[in-house]
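1. Sharing a model prediction with you, sequence too.
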2 protein chains.
Amino acid sequence: MQMKHELDIETAANILKLLGDKTRLTMIKILADHECCVCEFVALFQMTQPAVSQHLRKLKDSGLVKESRKGQWVFYSLNPSHPSHAFVRNVISDLPNQLSKLEELESQGKRISCD
Amino acid sequence: MQMKHELDIETAANILKLLGDKTRLTMIKILADHECCVCEFVALFQMTQPAVSQHLRKLKDSGLVKESRKGQWVFYSLNPSHPSHAFVRNVISDLPNQLSKLEELESQGKRISCD
DNA sequence: TTACCATATAAGCATATTCTTATGTAGGTG
DNA sequence: CACCTACATAAGAATATGCTTATATGGTAA
């Protein structure tokens, strides 16, 4: 049985501030369903690689997102064992899913896969 | 039957940025259940009156919160007809309620009422 | 009217945020 | 080894944010 985690208002505010950026919010929404590596986000957002890297670092520093190396790539995904994981999932549940963006990448042959 | 409002990710990010501040998030959580006037928030947060007023202005400018004059006071409350009202309620649903703060005010005789 | 109370607005300042460009690091491959 | 690819980090600049103090506004009361 899953214990409901008590979320204090200051912690929540910090998480919402982190999500209160279009780029990071889109990242989180995508990562909720799919692992992604940095270069995919660079292609998706048409931002420079350092800018993407810095957003991902903020997400990783919060613990909401974790990374794993696979070959030469670093894949990011939501960290399901973060105390506020459920809160984040709830916040993003109403957002339109961003699958079309990934499909676009796929059709351009830019989707990375390690299978 | 209530139409579900489609929430685009940029709008959501802007709302989350607005809520990503401890003071404003607490305000919204309180306003979700109770009307409050500025001077009550000043007492609650132990902030200067202009600081409180500026936070409320941001909330009002977004349309999430509305005001109504009653006598010499301006009362604020959540605006239930805002397109993202349901989203906001969902975001704050997990937060601890802030009733104890209002009760504290009450016991100090600082709660304003217009009944 | 004058004075007071609740609130809003303006201006200035310190700090935070987010980008940019340049450079560092680490794994994979010839 | 040298070189490439993927990514991280550093430093700097522009802008945004959140406070402060001072002042304006608008309703109420004497």
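-> Yep, it's here. Residues are numbered from 1 along each chain as shown, chains lettered A, B, ... in the order given.

2. Residue A:26: what secondary structure?
-> Per DSSP: H, G, I helix; E, B strand; the rest coil, the secondary structure class of residue A:26 is helix.

3. so it makes contact with residue B:9?
-> Yes - between residue A:26 and residue B:9 there is a contact under C-beta atoms under 8 Å: 5.6 Å. C-beta here means a position set from N, CA and C on the backbone, and glycine is covered the same way.

4. which residues do the two both contact?
-> Taking C-beta atoms under 8 Å, 6 or more residues apart in numbering or on different chains as the criterion, residue A:26 and residue B:9 both touch residue A:98.

5. ok, those two, which is more surrounded?
-> Taking other C-beta atoms under 10 Å in any protein chain shown, residue A:26 and residue B:9 do not tie; residue A:26 has more neighbours (22 against 17).

6. got a list of what that one touches?
-> A:44-45, A:98, A:101, B:9.

7. where in chain A is pLDDT low?
-> For chain A, the stretches flagged by pLDDT under 70 are A:1-4, A:113-115.

8. Could you find the closest non-adjacent residue to residue A:39?
-> Excluding its sequence neighbours, the residue lying closest to residue A:39 (C-beta to C-beta, 6 or more residues apart in numbering or on different chains) is residue A:112, at 6.7 Å.

9. Wait, that neighbour touches residue A:73, no?
-> Yes - applying C-beta under 8 Å as the test, residue A:112 and residue A:73 come out as touching, 5.9 Å apart.

10. Spit out the residues that contact the two alike.
-> Residues touching both residue A:112 and residue A:73 by C-beta under 8 Å, 6+ apart: A:37, A:39.

11. List only those of the contacts of residue A:26 flagged as buried.
-> A:44-45, A:98, A:101, B:9 (16 or more other C-beta atoms under 10 Å in any protein chain shown).

12. Mind checking which of these land in helices?
-> A:44-45, A:101, B:9 (DSSP state H).

13. what's the closest of the residues you listed to DNA strand D?
-> residue A:44 (11.6 Å; C-beta to the nearest atom of the strand).

14. Test my guess that the closest one contacts residue A:106.
-> No - between residue A:44 and residue A:106 there is no contact under C-beta under 8 Å: 11.5 Å.

15. Close to chain B: what parts of chain A are there?
-> A:6-10, A:12-22, A:25-26, A:29, A:86-87, A:90-91, A:93-96, A:98 (C-beta under 8 Å from any C-beta of the partner chain).

16. Next step: those residues restricted to strands.
-> In strands, defined here by DSSP state E, there are no members of those.

17. Now, the residues you listed that are in helices?
-> Of these, the ones assigned to helices by DSSP H are A:9-10, A:12-19, A:22, A:25-26, A:29, A:86-87, A:90-91.

18. Name the helix or strand for whichever residue of chain A sits closest to DNA strand C, please.
-> Distances between chain A and DNA strand C by C-beta to the nearest atom of the strand are smallest at residue A:50, namely 3.4 Å. For residue A:50, the host element (DSSP states H and E) is helix A:49-62.
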